[in-house]
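1. one predicted model, sequence on top.
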Amino acid sequence: MYKIVKKRVLNQQMTLLRIDAPHIAKKALPGQFIIIRIDELGERVPFTIAAYDGEQGTIDIIYQTVGYSTKLLDTLNQGDYILDVVGPLGKASELEGYKNAVVVGGGTGCAIALPQAKALKELGANVTMVAGFRNKDIIILEDEMKDASNQLVIMTDDGSNGNKGFVTGALKDILDNDKTVDFVIAIGPLPMMKAVCDLTKEYGIKTIVSMNSIMIDGTGMCGGCRVTVGGEIKFACVDGPDFDGHLVDFDEAIKRGRMYVDQERAANEHTCRLTGDKHNG
Amino acid sequence: MANMRNVKVDMPQQTPDIRNKNFDEVALGYTLEDAKEEASRCLNCKNKPCVSGCPVNVRIPEFIEAINNDNLKKAYEIIKSTNSLPAVCGRVCPQEKQCESKCVRGIKGEPVAIGRLERFVADYAMKHFESEKLDVKSNGKKVAVVGSGPSGLTCAGDLAKLGYDVTVFEAFHVAGGVLMYGIPEFRLPKAIVQKEIDEMKKLGVKIETNMVIGKVLSVDELLENGYDAVFIGSGAGLPNFMKIPGEALLGVYSSNEFLTRVNLMKAYKPEYDTPINKMRDVAVVGGGNVAMDAARCAKRLGAENVYIVYRRSEDEMPARAEEIHHAKEEGIEFLMLNNPVAINGDENGRVSSVTCVKMELGEPDASGRRSPKAIEGSEYELTVDTVIIAIGGSPNPLIRSTTKGLRSNKRGCLVVDEDTLKTSRDGVYAGGDAVTGAATVILAMGAGKTAAKSIDEYLNKQDVR
C-alpha cells in the first residue's frame, strides 16, 4: 500500500498526487514512469513520474480526469492509499551533451517534461520551455516551469493569455530566430508530438518524444506497448519510453492508442448497481 | 499382486460443451477410490525408471505404495520432500514425456497415471492435513531470489528448509509468475497456486511484490545490501513476434499480453476493469501449451471460431497431449502445416484477416524435428478479427543489462555452469526460462532445486574460508 501524502488540484481537470514510495523516489530519473493499480479490481495504469524527491521518499504524478481509471483515481484523497505502485520503469532520458534545448509540452505533458527541463538546465544547457494549453484558465505549474527553464513561452489555443497559437508555431519562431538550438524534447498528446517532429525534421534538429503506450506490466513482458521505430518493433516500456521522434510511426501509434476506446466509453457510461459508481460489475 | 488392468482409471472432467463456456477447472481429479484403484496398477519396480524421468526426482513408487497402504499423509510427505509444488506439477507437467514415459506398464498398455495420483495426494493434503511447522534453525545467511515463478519458488523453498533467510522479489503485484499470469484458471486454479505460495511463507520465505530488480534495485545492490547470494529466475519475459507485416494492428496480441489480461487481470470477470477486445474469429499462432491455453481462453471469452495455426504437423507439437486433446474436444480447429505470412487490417487499423501459406515437412532440423517448408503458390486468407502470437519468448533484458559481468548468449539467455547453475558472477546463480528461453514449469523447478543446492554448497565453502 502506498500513501497519498498530498493531493493538489491544478485546474478543473488536472491533479497532482504525491505518493510515498521511498525505494522508487531514490532511484527515479527524468523520463521514467511508474505503474499503479488503484485497488483489487483495477487496471494497471502507467504514469510518467512528474517529480521525485529521494530525501522525502516521494514521487509525483499528474493526471487528467479523462478516462475511467483516472476518474477512479480522483476519488482518492490525501491520506488514502493506492494498492500497488511499481517503478521506476523505462530508460531514463539521455540528456547529456546539448547546449541549447527546447522542451515542448502539451497539457499535462508540460508537467511531465519538468524533470527533463530541470536536468538539462543542471547539465548546463540553455532551456526554453514551450507549453501549450487550450486556454489561460487551465495553465498549470507556471512557477515550476519558470524555475526549470531559462525562457518560458506559454501558448493558448484561444489566445486568452495573449499568446494565441499552437506550440508548433512558437517552436518555429524559436528555430527561425535561433540557429543554435541542438535538441528538442516533445511530450504531450500524440498528434502534438507528431507535429513537432514534422517541424524539427525540416530543421534537422534531434528530437526525442516520450511514448505513453497501453501496457500491462511495464517490464517488457506483455509487448502491448509496441511502437514501430525506424521500421523495427520496439517496446515503449523497456526500449523507451523516449524514442527518436523522427523515426516513430505516429499514425500507427495513434491507432493503437484507440485500442479500447469502445470499452472505455462503455465503462464510463455504465453505473454499477453493486458497487455504486466504482468498477463495472 | 498388482492390478493388471491395461488402461488408466479415467479422471472425471467437465463435459467439453459446458466447460468451453466457463473458467472452472476442466479436470476434476480422482476420488479416493479412483486413486487407490490406479495406485494398485504400480508394479513398484526395483530400479524405479519413473524416478529418473522426473526433473525433481519425486520418489514415485514410494508415494504410490503409501497410497496403497492408506497412508496419504506419508504419501504427501514423500512427494513434498523433493517437490515443493505438487498440486501444480500434478496438473501441468508433461508426464507423458517424463515419468510416465519410463513406466514399465506403458510397454503393454497405458503407464500408471502418476500425474493424476500426484495431484490427488496434493489436493487431499490441502483439504485434510494441517501443514506442520518445520522446525528449521536459522543459519543467519540471506539469499535473494529474483522472480516468484516455478524456479524462484522452488529455490526459495529449498533454501528456507536449509535455514536460509530468503526474500523473493516479484515484479508483478502478485507472486507466482507464469503460474498466475500465464496458465489459465481452468487448468490450474489460482487458489491452489496461492495455497502453495502460502505454504512457502510458512517456511519463512518473504515475498516482496512490485519490485522490478534491475530497476528499483540492481543485483549488485542486493549483494551490497547484505544478501550472501542471488538466484535469478526472472523468466522468459519478452515475447517473440513473427516479424511479419501487420503485427502492430489492433487485435494482435502476444500470448503474454492476452493471457495476462485474462488470468492475472481477470478480464473474464465483469467486475474487473481490465479491457479486452470482443472477438469472433481468432487465430492463435504456435503449437505449445501456451498456444492451447490462449485458444481455449479465447473460446471461453465467446469467440465462435478459434484456430490453432501451426507450421509443423501435430506430431511435432510441443504441447502436452492432454491439452491438445482437451482443446480439440472444446471445438478448437487445428490448422496444421500452415504458416502466417502477413496480418491484414481494415481502414481503422483493426485486424481483418491473416494471409497463411501451406507448409510441407522436409529434413530434420537442429531441433531434431522435420523442418517445415512453404509450398509455393499456396497462400490463402483466413478471416479473423484477433491474432494471438504464441511462439515463445526471450529472457527479459532488465537484469542482464544492469548487472556488470553477467554473461548472456546471443539469444539473451544467461550463461550458467550446467552442473551448478552458477553465472559468470560469483554468488549469482540462475535457472528456468531466464537461462533456457521458454520451457516448462517442471524444468524450471528442477533448475531452482539445483541452484538451491549449489548456493548452499557455495555459502558453506565461504564459511570454511
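-> Yep, it's here.
2. hey, where'd the helices end up in the stretch 1-150 of chain A?
-> Per DSSP state H, counting those that start in this stretch, the stretch 1-150 of chain A carries helices over the ranges A:22-27, A:68-74, A:108-112, A:114-122, A:142-148.
3. can you tell me what sits against the last one?
-> By C-beta atoms under 8 Å, 6 or more residues apart in numbering or on different chains, the surrounding residues in contact with helix A:142-148 are A:110, A:111, A:114, A:117, A:118, A:121, A:127, A:129, A:131, A:152, A:154. Backbone N, C-alpha and C define where each C-beta goes, glycine included.
4. out of the residues you listed, grab the one that's most surrounded.
-> residue A:110 (32 neighbours; other C-beta atoms under 10 Å in any protein chain shown).
5. return the residues in contact with residue 80.
-> This is for chain A. Taking C-beta under 8 Å, 6+ apart as the test, what residue A:80 contacts is A:3, A:4.
6. that's the wrong chain, I meant chain B
-> Going by C-beta under 8 Å, 6+ apart, residue B:80 touches B:86, B:125.
7. pretty sure it sits in a helix.
-> Yes - when DSSP: H, G, I helix; E, B strand; the rest coil is applied, residue B:80 is found to be in a helix.
8. and the pLDDT for it?
-> Residue B:80 is assigned 91 on the pLDDT scale.
9. walk me through the domains of chain A.
-> Listed by automatic domain parsing, the domain ranges of chain A are A:2-89, A:93-210.
10. can you put those in CSV and add mean pLDDT?
-> Output for these, formatted as CSV (pLDDT from 0 to 100):
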stretch, mean pLDDT
domain A:2-89, 93
domain A:93-210, 94
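11. for residue A:222, which of the ones you listed is the nearest?
-> domain A:2-89 (9.6 Å; C-beta to C-beta).
12. first to last residue in the closest one, what's the distance?
-> 17 Å (C-alpha to C-alpha, to the nearest Å).
13. what of stretch A:223-232?
-> 13 Å.
14. any buried residues in it, and which?
-> Neighbour counts over stretch A:223-232 (16 or more other C-beta atoms under 10 Å in any protein chain shown) mark A:223, A:224, A:225, A:226, A:227, A:228, A:229 as buried.
15. over to stretch B:161-181?
-> Neighbour count says stretch B:161-181 has B:161-162, B:164-181 buried, by 16+ other C-beta under 10 Å.
16. out of these, name the ones that lie in strands.
-> Members of those lying in strands (criterion: DSSP state E): B:165, B:166, B:167, B:168, B:169.
17. which residues in the stretch 51-200 of chain A form strands?
-> Using DSSP state E, counting those that start in this stretch, the strands of the stretch 51-200 of chain A run over A:51-53, A:58-64, A:81-82, A:84-89, A:100-106, A:126-133, A:151-156, A:183-187.
18. paired strands for the first one, with orientation please.
-> It stands for strand A:51-53. Here strand A:51-53 is paired, per DSSP bridges, with strand A:58-64 (antiparallel).
19. so how far is the strand it pairs with off the chain centroid?
-> How far strand A:58-64 lies from its chain's middle: 10 Å, per C-alpha atoms, centre = their mean, to the nearest Å.
20. tell me the angle it makes with strand A:84-89.
-> Per axes from the mean of the first three to the mean of the last three C-alpha atoms, to 10 degrees, the angle that strand A:58-64 makes with strand A:84-89 is 100 degrees.
21. quick check: which of the helices of the stretch 1-150 of chain A is nearest to residue A:3?
-> For residue A:3, the closest of the helices of the stretch 1-150 of chain A is helix A:22-27, at 11.0 Å, according to C-beta to C-beta.
22. would you mind listing what in the stretch 51-200 of chain B touches chain A?
-> Residues of the stretch 51-200 of chain B lying close to chain A (C-beta under 8 Å from any C-beta of the partner chain) are B:171, B:172, B:173.
23. do that again at 10 Å, thanks
-> Contact residues (C-beta under 10 Å from any C-beta of the partner chain) of the stretch 51-200 of chain B with chain A: B:170, B:171, B:172, B:173, B:174, B:181, B:182.
24. contact partners for the closest residue to residue A:66 other than its chain neighbours?
-> Leaving aside its chain neighbours, residue A:66 sits nearest to residue A:13 (7.2 Å; criterion: C-beta to C-beta, 6 or more residues apart in numbering or on different chains). Residues near residue A:13 by C-beta atoms under 10 Å, 6 or more residues apart in numbering or on different chains: A:63, A:64, A:65, A:66, A:70, A:74, A:107, A:108, A:134, A:138, A:140.
25. what number of residues lie near the last one?
-> The number of residues packed near residue A:140 is 21, by other C-beta under 10 Å.
26. and the gap between it and residue A:10?
-> 4 Å (C-beta to C-beta, to the nearest Å).
27. what do these two both touch?
-> A:16, A:62, A:108, A:111.
28. what's near enough to touch the first one?
-> Neighbouring residues of residue A:16 by C-beta under 10 Å, 6+ apart: A:6-10, A:50-51, A:60-63, A:108, A:111, A:140-141.
29. of the contacts of residue A:13, buried ones?
-> So, by 16+ other C-beta under 10 Å, the buried ones in the contacts of residue A:13 are A:63, A:64, A:70, A:74, A:107, A:108, A:138, A:140.
30. would you turn the residues you listed into CSV with distance to residue B:333?
-> Converted to CSV, those look like this (distance: C-beta to C-beta, whole Å):
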residue, distance to residue B:333
A:63, 44
A:64, 45
A:70, 41
A:74, 46
A:107, 47
A:108, 46
A:138, 53
A:140, 54
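31. and of the residues you listed, the nearest to residue B:288?
-> Nearest to residue B:288 out of the buried ones among the contacts of residue A:13 is residue A:70 (C-beta to C-beta; 37.9 Å).
32. show me the contacts for the closest one.
-> Contacts of residue A:70 by C-beta under 10 Å, 6+ apart are A:13, A:14, A:15, A:38, A:45, A:47, A:63, A:64.
33. ok, residue B:252 - how many residues close by?
-> 27.
34. what of residue A:180?
-> 7.
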